[in-house]
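1. Sharing a sequence plus its predicted fold:
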Amino acid sequence: MKLLFIISNDFGELSDACYFTKGYNFDVSLLLPPRLFAVNQGNIPSKAYLYKTVQDILDIVDRQQPELIFLFSGYLYAINQILSLEAVRDLLENLKHRHCQVVTSDPFLGILADLNDATFSKDFPFQQPFLQHFSKVFTLLQKLPHLYTTPVTSTQKVKQIAFFNPNVEIPPHELSTYADQLTRVLPVNLDQKRWLFVLSSEDYVTQINLHGEAKFHATLKNKLEETVESGCQPIILTSKKCIDAIRDLKSQGSAIYLSFCPYPVFMQILLEAEYLFLWNVFSNCLLSRIGNQKPVFFFHPGHLSQAIPRLHKLGMKYSYSEANLSYLDIFKPLQSLELAEQVPVQEQAFARSQRRFRESPTPDQVVRQLLSP
């Protein structure tokens, strides 16, 4: 089965594509924009190709003749400044002319089918431009099946399909090898456990706007230093700008700073770490962490929750079954004992999420469904 994924600039969409295909005998090709291709070429199990234009995509389509084409995500190409809206329209028309079966992922859980003045927060500075933009994008994508990582029933205006990949669960004996494997590419200290902090560029800007640059940088430095004081090795994955502002080799010991890394390395870091700390409750990191019963802690709901209130409400319903997530106080020191005491409570909330995820068909079942007459 030939599957072609056209990935936007969003690392989460690459993660979702790899999540969909993991463990299945699909013939997979990934089309990556320059930013993702530079880091991931030769580092992912699927064939990877660079694309910059619609013609680049069509050349691969014509050569490979895929049975299914996945836009991951069609909603993001223009906002990521990869393809213009006109180019997206041109791509869809050309794929239709070639009788291609096309599906799109939808990071917005279907809410773009019912856009209105309340969709984006009034405090969101791009409220009106985003309303106009995504209204046009939805018009282009409305007739395509929409794919989700959790069961979604938010609208009847599009065909909504969810999936769950049971191969997200890694056997303990394989997980136990990740630390040794990481020593080949990172200065991992095998005598310490790792605490991983993942802060996207968007959430970094959100935190700067909330707390001010100096205060947030100082607080983030404290988190890394508190990790060291707890006898653990901090790893932070964030923007280069943030790293430049917080890097302190003297007080943060063996801290590892990453602005980007190949997907397989990221997954090993993600699953090997004792604790994961996030500023986004809908991060793509969560699928693998929850699937492997690994603790996650949140400092903030995230930029999407703040900008799109209805998305937060539906995300809590669909992804967390209305669980009451707790948030760490970013200004309170991290302490091993207190974190360990929170893990059992957290596991109960995430267990409901896992049960809900499992309600969805597997990727091979979804492929058969999409290709059925």
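-> Sure thing, it's come through.

2. Q335: what's its closest spatial neighbour, skipping adjacent residues?
-> Leaving out its chain neighbours, the residue that sits closest to Q335 by CB to CB, 6 or more residues apart in numbering is S230, at 6.8 Å. Bear in mind the C-beta positions are built from the backbone N, C-alpha and C, glycine included.

3. per-residue confidence for the one you found?
-> pLDDT for S230: 94.

4. Next, count neighbours for it.
-> Burial of S230 is recorded as 19 neighbouring residues (other CB atoms under 10 Å).

5. Who are the contact partners of it?
-> Contact partners of S230, counting by CB atoms under 8 Å, 6 or more residues apart in numbering, are 195, 334-336.

6. tell me the average confidence for stretch 99-108?
-> 96.

7. And stretch 264-279, by the same measure?
-> Per-residue pLDDT values across stretch 264-279 average out to 96.

8. So for that stretch, what gets flagged as buried?
-> For stretch 264-279, a neighbour-count test (16 or more other CB atoms under 10 Å) marks 265-279 as buried.

9. Okay, and which of those map to helices?
-> Per DSSP state H, helices hold the following members of the buried residues of stretch 264-279: 265-272.

10. Any chance you could list what contacts the helix-or-strand element of the chain with minimal mean pLDDT?
-> Every helix and strand of the chain was ranked by mean pLDDT, DSSP states H and E. The lowest is helix 336-357, at a mean of 86. Applying CB under 8 Å, 6+ apart, the contact partners of helix 336-357 are 149-151, 164, 230-232, 275, 287, 290-291, 293, 295-297, 318-321, 323-326.

11. With stretch 71-78 instead?
-> Contacts made with stretch 71-78 from outside it, assessed by CB under 8 Å, 6+ apart, are listed as 5-10, 13-14, 16-17, 83-85, 87-88, 102-108, 112, 133-134, 137-138, 140-141, 144.

12. before we move on, what about stretch 127-139?
-> Contact with stretch 127-139 is made by 74-75, 78-79, 85, 88, 108, 112-113, 115, 117, 119-121, 124, as judged by CB under 8 Å, 6+ apart.

13. Which residue is the nearest non-sequential neighbour of C242?
-> What sits nearest to C242 in space, not counting adjacent residues and going by CB to CB, 6+ apart, is Y204, at 5.2 Å.

14. pretty sure V366 is touching L147, no?
-> Yes: using CB atoms under 8 Å, V366 is in contact with L147, at 7.4 Å.

15. was I right about Y148 contacting F164?
-> No: using CB under 8 Å as the test, Y148 is too far from F164 to be in contact (10.3 Å).

16. more neighbours, those two?
-> Regarding Y148 and F164, a neighbour count based on other CB under 10 Å identifies F164 as having more, with 23 against 20.

17. for the more buried one, what are its contacts?
-> Under the criterion of CB under 8 Å, 6+ apart, the contact partners of F164 comprise 149, 357-362.

18. Select only the buried ones of those residues in PyMOL?
-> Selecting only the buried members of the contacts of F164 in PyMOL, with burial defined as 16+ other CB under 10 Å, works like this:
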select buried, resi 149+357+360+362
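
19. Relative to N40, which of the contacts of F164 is nearest.
-> T149 (20.1 Å; CB to CB).

20. ranges for the strands of the stretch 51-200 of the chain?
-> 68-72, 102-105, 146-148, 160-162, 194-198 (DSSP state E, counting those that start in this stretch).

21. Can you name every helix or strand that the third one contacts?
-> Packed against strand 146-148 by the contact rule (3 or more CB pairs under 8 Å, 6 or more residues apart in numbering; DSSP states H and E) you find strand 102-105, strand 160-162.

22. among the ones you listed, which is the most enclosed?
-> strand 102-105 (a mean of 22; mean count of other CB atoms under 10 Å).

23. one step back: buried among the contacts of stretch 71-78? Need that as a selection in ChimeraX.
-> The following ChimeraX line selects those of these that are buried, judged by 16+ other CB under 10 Å:
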select :5,6,7,8,9,10,13,14,16,17,83,87,88,102,103,104,105,106,107,108,112,134,137,138,140,141,144
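
24. List the ones among the contacts of stretch 71-78 that fall in helices.
-> Taking DSSP H as the definition of helices, the contacts of stretch 71-78 contribute 13-14, 16-17, 85, 87-88, 133-134, 137-138, 140-141.

25. what's the first-to-last distance across stretch 46-54?
-> 21 Å (CA to CA, to the nearest Å).

26. Could you do stretch 152-168 as well?
-> Counting by CA to CA, the length from the leading to the trailing residue of stretch 152-168 is 20 Å.

27. and that stretch, how far from the chain's centre?
-> On the basis of CA atoms, centre = their mean, to the nearest Å, stretch 152-168 sits 16 Å off its chain's mean C-alpha point.

28. Rounded mean pLDDT for it, please.
-> Taken as a whole, stretch 152-168 carries a mean pLDDT of 93.

29. again with stretch 125-139
-> With pLDDT averaged residue by residue, stretch 125-139 scores 92.

30. Likewise for stretch 194-211?
-> Averaging the model's pLDDT scores along stretch 194-211 yields 95.
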